[in-house]
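Undergrad: Model the following, please.
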Amino acid sequence: MNTLKALHRISHRFLYGRPARNRLTVFDDDIFIVSYPKSGNTWVRFLLAKAILGANATWHTIDEVVPDIYRMSDKQLLNVRRPRIIKSHHSYDHRYKKVIYIVRNPEDVLVSYFYFHLKFQSKKYFEDMESFDKFTNDFVTGKLDDFGTWGDNVTGWINSSENNSNILILRYEDIVKYPKNELSHMLNFLGIDPDNSIIEDALNWGSKSNMAKLESTEPNAPLFSNSNLSYKFISSDQEKKSRFPLTEDQKKLLRRSFGEIMDLFRY
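TA: Numbering: from 1, shown residues only. Model prediction:
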């Protein structure tokens, strides 16, 4: 089975090329959903797919509806119907003309990102405190990926939004607490004034319970390829925190590293 999956990945790259990442061709009418990883980006993709495109996105179809630049090549992205709604985790990019940027408490991001690495079986980290400590240090120093540290990523977009009305900054926690208001805010920002039924339908389809249900019925979706299915992509924050509770030293390290930005967002 693993051999078949490897062959599929190789043939896919041969046909379409490598994932675009930030080498993608950008159009002026593109809409970007941006965040540091594990900050609600996928959830917002499901919500906007339903609210704007009327699509009941699933784990099999979400990349076709609201494409992910880390999973699709530029060749594939060029074939997506415009205006495109695109997922990105990258730091500030002046080419992105219309942006919804989501900020989440770095304590929760840290735990969720570690959980994510375990799900996708990173060879660097294991389910133990030694690995979690190493992951925490890599998180605050920006060694996990090429998106910068959480603080650098957030700061770049925040600073750029001050004189740019085309960048909307939202807190993940507010979307959780006031989903109807925050989804309306997103749609109004995009020049859409939907009726109440469209918003309700989007919130129902994009609810955590429905996304979890879809995950349980689609274990073979491309996103979950080669992942450890014992770790659920959609799982409660409380479950993650109970498995990987932050120590006081880890909390202090986050505060030393990102305290000013955390205070700005009331974290």
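Undergrad: Show the backbone phi and psi for I102.
TA: The phi/psi pair for I102 (degrees, to the nearest 10) reads phi -110, psi 130.
Undergrad: State the next helix or strand along the chain beyond the one helix or strand L118 maps to.
TA: L118 belongs to helix 106-119 when elements are defined using DSSP states H and E. For helix 106-119, the following helix or strand on the C-terminal side (DSSP H and E) is helix 129-141.
Undergrad: Spatially central residue in the chain, please.
TA: For the chain, N41 is the residue whose C-alpha lies nearest the centre (C-alpha atoms, centre = their mean; 3.1 Å).
Undergrad: OK, contacts around it?
TA: Residues in contact with N41, defined by C-beta atoms under 8 Å, 6 or more residues apart in numbering, are I33, V34, S35, K87, H89, I102. (C-beta placed from N, C-alpha, C; glycine too.)
Undergrad: buried subset of the residues you listed?
TA: I33, V34, S35, K87, H89, I102 (16 or more other C-beta atoms under 10 Å).
Undergrad: related to what we said a few turns ago, sort out which of the contacts of N41 are in strands and list them.
TA: The strands, defined by DSSP state E, take in I33, V34, S35, K87, I102 from the contacts of N41.
Undergrad: could I get the residues you listed as a markdown table with pLDDT and distance to E162?
TA: Formatted as a markdown table, the ones in strands among the contacts of N41 follow (pLDDT from 0 to 100; distance: C-beta to C-beta, whole Å):
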| residue | pLDDT | distance to E162 |
| --- | --- | --- |
| I33 | 98 | 20 |
| V34 | 98 | 16 |
| S35 | 98 | 18 |
| K87 | 98 | 24 |
| I102 | 98 | 18 |
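Undergrad: Nearest to Q250 among the residues you listed?
TA: For the ones in strands among the contacts of N41, the residue nearest Q250 by C-beta to C-beta is S35; the value is 21.5 Å.
Undergrad: Quick check: chain neighbours aside, which residue is closest to the closest one?
TA: I102 (4.0 Å; C-beta to C-beta, 6 or more residues apart in numbering).
Undergrad: Show me the beta-bridge partners of that neighbour.
TA: S35, L170 (DSSP bridges).
Undergrad: quick one: it and G40 touch, right?
TA: Yes. Proximity of I102 to G40 meets the contact threshold set by C-beta atoms under 8 Å, at 5.0 Å.
Undergrad: roughly how far apart are A55 and M211?
TA: 14 Å (C-beta to C-beta, to the nearest Å).
Undergrad: And those two? Which one has more around it.
TA: Higher neighbour count among A55 and M211: M211, with 20 against 17, using other C-beta atoms under 10 Å.
Undergrad: Where does the more buried one sit, in terms of helix or strand?
TA: helix 208-217.
Undergrad: quick one: L118 and D201, what's the gap?
TA: The span separating L118 from D201 equals 34 Å under the rule C-beta to C-beta.
Undergrad: Same drill for the two, tell me which one is more crowded.
TA: For the pair L118 and D201, the greater number of neighbours falls to L118 (21 against 15), based on other C-beta under 10 Å.
Undergrad: who's in contact with that one?
TA: Contacts of L118 by C-beta under 8 Å, 6+ apart are Y125, F126, E127, N228, Y231.
Undergrad: From the residues you listed, list just the buried residues.
TA: Judged by 16+ other C-beta under 10 Å, buried ones among these: Y125, Y231.
Undergrad: report the longest helix in the chain, please.
TA: helix 248-264 (DSSP state H).
Undergrad: in that one, what counts as buried?
TA: Buried residues in helix 248-264 (16+ other C-beta under 10 Å): Q250, L253, L254, S257, F258, I261, M262.
Undergrad: Count the neighbours of the nearest residue to the fifth one once chain neighbours are set aside for me.
TA: Right, the one you point to is F258. Distances taken as C-beta to C-beta, 6+ apart place G151 nearest to F258, at 4.4 Å, with adjacent residues excluded. A total of 19 residues lie near G151 under the criterion other C-beta under 10 Å.
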